[in-house]
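S.K.: following is a predicted model, sequence given first.
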Amino acid sequence: MKALHVTLLLAASLSGVPAAAQAPDDRGFDPTGVWYGQHGPLALMRAGDTLTFSYSGVFGATAHMCDGIGVAGFAGDGRWEYVDEQGTVTFTTKGGKVTMEATKGIASFCGANWPGDTFGKDGWKPAFNCTVSAPKAHFLTAARSPEPRKGYVVKGNVVEAVGLVNEGTPGWLLVRYVGRKQTTAGLLERDALECREE
């Protein structure tokens, strides 16, 4: 009887603990928005275990250019990795700031000797809301030459958006749609959206 009493007391005390405290989210904070760092702007959109990015920067004495867009996958402990044939770029979203650095090889979209970049909350601009105005708008891949994906939104859906900062993508916005079953992020055509601000 005493064991049952202790079990009931323990259950009662645990029921007051928030779910987040029992199972912390190790993805770090949600960095969705545009960040301004030492070398240039970084647009981010988090959806589940992916972090879509658009980056533009200038570094070094001879003004080397960075111009990148892609999707990083969750790697644990607030870290996200973008991997291609030239190396791995790791994004970290912890402690209210974002860092990005080449952790293996080089950042293909920056080239050799890129020192990485750090972004603080004082240089952050949040996402804005847009309403889909087209009858149907398909998501596109986050790439230099975006291609259609299966996912889409329809007229009246509300999405979160940020402007892209890399070169050559003026016709699209980086967008996140939170559906009943899953969250989707990717590019949508600006002409398919009515936005409250930009």
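M.R.: Now that the structure is in, tell me what you want to look at. Residues are numbered from 1 along each chain as shown.
S.K.: and the residue nearest the centre of this structure?
M.R.: Residue closest to the mean C-alpha point of the chain, counted by Cα atoms, centre = their mean, is residue 45 at 2.8 Å.
S.K.: show the contacting residues for it.
M.R.: Residues in contact with residue 45, defined by Cβ atoms under 8 Å, 6 or more residues apart in numbering, are 32, 51-53, 127, 160, 162, 174-176, 185. (C-beta placed from N, C-alpha, C; glycine too.)
S.K.: out of these, what pair is the most spread apart?
M.R.: The widest separation within the contacts of residue 45, taken as Cβ to Cβ, falls between 53 and 160 and amounts to 15.2 Å.
S.K.: of these two, which one has the most company?
M.R.: Neighbours of residue 53 and residue 160, each counted by other Cβ atoms under 10 Å, are more numerous for residue 53; the result is 29 against 21.
S.K.: let me know the pLDDT of that one.
M.R.: Residue 53 carries a pLDDT value of 98.
S.K.: name the helix or strand for the closest residue to it other than its chain neighbours, please.
M.R.: Residue nearest to residue 53 in three dimensions, not counting chain neighbours: residue 44, with 5.5 Å by Cβ to Cβ, 6 or more residues apart in numbering. Per DSSP states H and E, residue 44 falls inside strand 41-47.
S.K.: just send the contacts of residue 45 back as TSV, with distance to residue 71 and secondary structure too.
M.R.: Output for those, formatted as TSV (distance: Cβ to Cβ, whole Å; DSSP: H, G, I helix; E, B strand; the rest coil):
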residue	distance to residue 71	secondary structure
32	14	coil
51	7	strand
52	5	strand
53	8	strand
127	17	coil
160	17	strand
162	15	strand
174	11	strand
175	13	strand
176	13	strand
185	8	strand
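S.K.: which one (most neighbours) among the residues you listed?
M.R.: For the contacts of residue 45, the largest number of neighbours (other Cβ under 10 Å) sits with residue 53, at 29 neighbours.
S.K.: gap between the residue nearest to the centre of the chain and residue 53?
M.R.: Distance of residue 45 to residue 53, given as Cβ to Cβ, to the nearest Å: 8 Å.
S.K.: please apply the same query to residue 88.
M.R.: Plainly put, residue 88 is 14 Å away from residue 53 if you go by Cβ to Cβ.
S.K.: ok, back up a step: chain center to the strand holding residue 44, what's the gap?
M.R.: A distance of 4 Å separates the centroid of the chain from that of strand 41-47, by Cα atoms, centre = their mean, to the nearest Å.
S.K.: enumerate every residue touching the closest residue to residue 30 other than its chain neighbours.
M.R.: For residue 30, the nearest residue in space outside its immediate sequence neighbours is residue 46; the separation is 5.1 Å by Cβ to Cβ, 6+ apart. With Cβ under 8 Å, 6+ apart as the criterion, the residues that contact residue 46 are 27, 30-32, 52, 93, 176, 185.
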